[in-house]
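Colleague: Below are the sequence and a predicted model; questions follow.
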Amino acid sequence: MEEDKLKPIVVDTSLSPYSKLKPVAISSVKLQDNFWKPRIKILKEVTLPTQYEQLEKTGHIFNFQRASGKVKGEFQGFFFNDSDLYKWIEAVSYYLAQEYDERLNSLLERVIGEIESAQDEDGYLNTYFVFEKKNQRWENLRDMHELYCAGHLIQAAIAHYRATKSSRLLKVALKLADHIDNVFGPNKKYGAPGHPEIEMALVELFRLTRDKKYLRLSEFFIDQRGHGLIGGRELHIDHKPFRELDEIVGHAVRSVYLNCGAADIYMETGEEALLKALERLWENMTEKKMYITGGIGSRYEGESFGENYELPNEEAYCETCASIANIMWNWRMLLITGDAKFSDLIELTLYNAALAGISLDGKHYFYVNPLESRKKHERKEWYDCACCPPNIARLLASLPGYFYSTSEEGIWVHLYAKSEAKIELENLTVNIIQETNYPWEGEVLIRVEPNEESTFSIFLRVPGWSKLATIKVGDEEKLVHETGKYIEIRRKWKQGDEIRINFHVEVEKIFSNENVKNNLCKVAIKRGPIIYCIESVDNPNLNIFNLSLPLDSELKTRWTANLLNGINIIEGEALYSELDNTKEKLYTSSYELTKSLSKVRFTAIPYYAWANRGKSDMLVWIKISKMFFNNLRSKEKQ
Ligand code: FUB
Ligand code: ZN
């Protein structure tokens, strides 16, 4: 581990032989926009400190003090609580990579001290399995999350080391990883974690240390699945060997974390069977099991994927952690392939399913993210099972690291936001400055500033949602018809060069595959990467479930600076039925229905911003009107 080469990177594929793309460090990209930058500020000022208070209050830190014998009492909370603290450490580390903060750093040092003291001589570390429970260690791999917690510790320690160059926590993680390597493996203990997570952590540990035993151990855990060692259930993705999987099933977070691990192994070994399985799972998920927001996991039961096309709206589970896992998996698929279908999905999930997981004030969280609500859902300050809050914190803290990659040919631009980046290519430093009001508007100006004139490529992601795009460099303008791709611009770049991009941001009406029963005869509204919803608070005199949208309704966008931290709202006209669904009879004639209808104006807001003004009704999928405006006989309402 050469310290001077350390960079804050989440997935360091710099030396991975089977990854097309190489990372750009979190610290190399400075966000200056009005969308993400204020959120990162809130992350530092509100989210990370209040999460620490919650971790204190709910006994997460106490558990470590108890394990080291400093305090007495009962273990607090869920048996996998250690992982929440580890995710918080990872989040703080990524934040420190963006900007040093003394207060956060001293909190980190303090908790790292507690973790160090709780570790056993032999390297074992899990605060649940201490004292009378010591003899149960590694006994129940299916349920008890010891390997899951270890994975989170390893990830936190790597992040901390890369961000701060302090190896304090890394020493603890290495000692635990070595202990696990002593316990598990061929001719040692066989088994797989019921909750995958450690697989990707071990590959990252290999990347950091170059010690192959961690990579082998990760492969070992993947190979163990599907042989009934942990019960053979779909829920744990143990029903088939990984390489034979063809349908995404089971607990959504577990399933997708497992895919992250398999993708990481592929990037190091190039084993085709792993990639083929990952491609099959991705196709199945995106074509049959994913919400329009990028959210995954339809069922409360087992927090799991459902059958193909089983995508209920009000009962959607869509755990915030599952959305984050989806981004993590797609990031790895993108690194492997350079295919924009993966970065398109990262963007979709980021702006919608994942971002809905945290409130605008930065201290309330959704665990489940429904696409429809009847005043039932509200973000909470914390959860007994607190996996989601620190997970969204670590995603947001590492966000600058998702904007760019490099390859032998040049620089890849994945995400757009006003920002400045300093990107190292071989023997060359290139500053990339983005001027844009993305995601609200589609114009992006990119200034390319190499430290010396040089030929290289810039690959621009042209999002699939943009029907058409124009890209202008100097006097040359290119019209891009086939979108959802990277467009390569190869030339000799010099200081002062600019790329002017125009993505086509328009309001779109989106329809669902007919097999999704819950969305039959319904339509959703999307603008650029943002999915919209109708919330009752913006439509005070209406029962939003009685709205129906004629397909010829014109939808207009209006920038509203003083609403929900500044958003584009979408306004339009819909039909409104005065029938009271709770009282009316079961069936209504078209005559009665038409008589009850009037034309009303409605407002839609970005889905990520819903439920920030108290409990409300909300829906993403709106009924399609059975009639068009020009058939309407009744009076206008507003
Ligand atoms: O089991 C640990 C975490 O808690 C999972 O990742 C979440 O889905 C929740 O069950
Ligand atoms: Zn969660």
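Modeller: Ah, there it is. Ligands and ions are numbered 1, 2, ... in the order given.
Colleague: What about the closest residue to E347 other than its chain neighbours, how many residues nearby?
Modeller: Nearest-residue entry for E347: P529, 4.9 Å, with adjacent residues in sequence omitted and distances by CB to CB, 6 or more residues apart in numbering. Backbone N, C-alpha and C define where each C-beta goes, glycine included. Neighbourhood size, P529 [other CB atoms under 10 Å]: 24.
Colleague: what's the helix or strand for the residue in the stretch 201-350 of the chain that ligand 1 sits nearest to?
Modeller: Ranked by CB to the nearest ligand atom, the top residue of the stretch 201-350 of the chain for proximity to ligand 1 is V253, at 3.8 Å. Secondary structure from DSSP states H and E places V253 in helix 252-269.
Colleague: Toward the C-terminus, what is the element adjacent to that helix?
Modeller: Per DSSP H and E, the first helix or strand lying C-terminal to helix 252-269 is helix 272-288.
Colleague: helices and strands around that next one, which ones?
Modeller: Counting contacts by 3 or more CB pairs under 8 Å, 6 or more residues apart in numbering; DSSP states H and E, helix 272-288 packs against helix 252-269, helix 320-337.
Colleague: Just give me how far the last one sits from the chain centre.
Modeller: Averaging C-alpha coordinates over helix 320-337 and over its chain gives two centres that are 7 Å apart (CA atoms, centre = their mean, to the nearest Å).
Colleague: from now on call the first residue 53
Modeller: New numbering, starting at 53: the last item is helix 372-389.
Colleague: does any bit of that helix sit next to ligand 2?
Modeller: Yes. Residues of helix 372-389 contacting ligand 2 under CB under 5 Å from the ion: C373.
Colleague: Show me what that helix is packed against.
Modeller: The contact analysis (3+ CB pairs under 8 Å, 6+ apart) places helix 372-389 against helix 304-321, helix 324-340, helix 392-401, helix 440-449.
Colleague: Dump those into CSV; add mean neighbour count as well.
Modeller: Below are those laid out as CSV (neighbours: other CB atoms under 10 Å):
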stretch, mean neighbour count
helix 304-321, 26
helix 324-340, 17
helix 392-401, 24
helix 440-449, 27
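Colleague: Just send those back as a markdown table, with mean pLDDT too.
Modeller: Formatted as a markdown table, the helices and strands packed on helix 372-389 follow (pLDDT from 0 to 100):
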| stretch | mean pLDDT |
| --- | --- |
| helix 304-321 | 98 |
| helix 324-340 | 98 |
| helix 392-401 | 98 |
| helix 440-449 | 98 |
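Colleague: Throw those into TSV and include distance to ligand 2, thanks.
Modeller: Converted to TSV, the helices and strands packed on helix 372-389 look like this (distance: least, CB to the ion, whole Å):
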stretch	distance to ligand 2
helix 304-321	6
helix 324-340	18
helix 392-401	14
helix 440-449	3
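Colleague: Which strand residues bridge K651?
Modeller: L627, E688 (DSSP bridges).
Colleague: hang on, it packs against S605?
Modeller: No. Counting by CB atoms under 8 Å, S605 is not a contact partner of K651; they are 9.5 Å apart.
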